[in-house]
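**Student:** how would this look folded up:
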Amino acid sequence: MIQTWIADAASLLNKEIYQKHYDLVPKWRQEKADKIRFKEDKALSIGAWTLYEKMKKAYNLKDDAPFNISHSGSYVLCSIEDSGDVSVMVGCDLEQIKEPRMKMARRFFSENECKWVEANSENFYRFWVLKESFVKATRLGLKLGLDTFEIDITEERPVLVRKPEEIKGDYYFKEYGLEGVSYRIAVCANKNEFAENIIVVNL
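**Tutor:** Residues are numbered from 1 along each chain as shown. Next up, the predicted model:
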């Protein structure tokens, strides 16, 4: 089962709280955070790894358990395969809803996807997190290109209707929402077993 947790990392803007979490993450993660300019982004970097470590401990998983992390605004997100099955490929993405970027939609989305965005501007962020979660699940990232595949949202769950030939097997999507919070959240995996609800935790 693919579990997804989310947390507000705003508390890490406090120097003492940030340092507490910073001291617990691996050295390479500390070095990565040290290179980040803004304290808000430092907090997200450390917060995302803290969330991952919490999940790994909660599900008693080894370091090689498939997982993915994301962050946007003040929130951090982590999805993890709770059985530790290393054959599972998982990606997740989180984006704070702001003004839609139609130029980006026309550049990276298919004609049908653009029609959905034109009908409802919030669909821009819906497609964006779906697409980001897919490229992260493939482990190719943006090397894949957001315009090389197409997602249909007419069904109850989003469906991948076109993908590059080099991507083998089936991929599935799960979307989550948070009441009163303007974010889009999507998880993608090559395994169609997602937890029904997202879990909100404190860091």
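**Student:** could you list the single helix or strand in this protein with the lowest mean pLDDT?
**Tutor:** Every helix and strand in the chain was compared by mean pLDDT, DSSP states H and E; the lowest is helix 102-108, with a mean of 84.
**Student:** list the buried ones in that helix?
**Tutor:** 105, 108 (16 or more other CB atoms under 10 Å). C-betas here are computed from N, CA, C, even on glycine.
**Student:** C-terminal to it, what's the next element?
**Tutor:** Following helix 102-108 in sequence order, the next helix or strand is helix 111-119 (DSSP states H and E).
**Student:** which is the next helix or strand following that next one?
**Tutor:** Next element after helix 111-119 (DSSP H and E): helix 123-137.
**Student:** so which elements touch that next one?
**Tutor:** Contact here means 3 or more CB pairs under 8 Å, 6 or more residues apart in numbering; DSSP states H and E; on that basis helix 123-137 packs against strand 67-72, strand 90-96, helix 102-108, helix 111-119, strand 150-152, strand 172-176, strand 183-189.
**Student:** returning to what we had before: what's the least confident helix or strand of the chain in contact with?
**Tutor:** 113-114, 117-118, 124, 127, 131, 145-147 (CB atoms under 8 Å, 6 or more residues apart in numbering).
**Student:** recalculate using a threshold of 7 Å.
**Tutor:** Outside helix 102-108, the residues that touch it by CB atoms under 7 Å, 6 or more residues apart in numbering are 114, 117, 124, 146-147.
**Student:** now those: which count as buried?
**Tutor:** 114, 117, 124, 146.
**Student:** returning to what we had before: out of the helices and strands packed on helix 123-137, deepest packed?
**Tutor:** Greatest average neighbour count among those goes to strand 183-189 (a mean of 26), per mean count of other CB atoms under 10 Å.
**Student:** that one vs helix 123-137, what angle?
**Tutor:** Angle of strand 183-189 versus helix 123-137, following axes from the mean of the first three to the mean of the last three CA atoms, to 10 degrees, is 30 degrees.
**Student:** alpha carbons of strand 183-189, as CSV, please.
**Tutor:** What follows is strand 183-189 as a C-alpha-only set of coordinates in CSV (Å, rounded to 0.1, in the frame of the first residue of the first chain):
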residue,chain,number,x,y,z
TYR,A,183,-3.1,22.9,-2.7
ARG,A,184,-3.3,20.2,-5.3
ILE,A,185,-1.8,16.8,-4.4
ALA,A,186,-1.1,13.8,-6.6
VAL,A,187,0.6,10.5,-6.2
CYS,A,188,1.6,8.2,-9.1
ALA,A,189,2.9,4.6,-8.9
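**Student:** and residue 98, how far from residue 90?
**Tutor:** Using CB to CB, to the nearest Å, residue 98 is found at 26 Å from residue 90.
**Student:** again with residue 4
**Tutor:** When residue 4 is compared with residue 90 (using CB to CB), they lie 9 Å apart.
**Student:** please apply the same query to residue 176.
**Tutor:** Applying CB to CB to residue 176 and residue 90 gives a distance of 14 Å.
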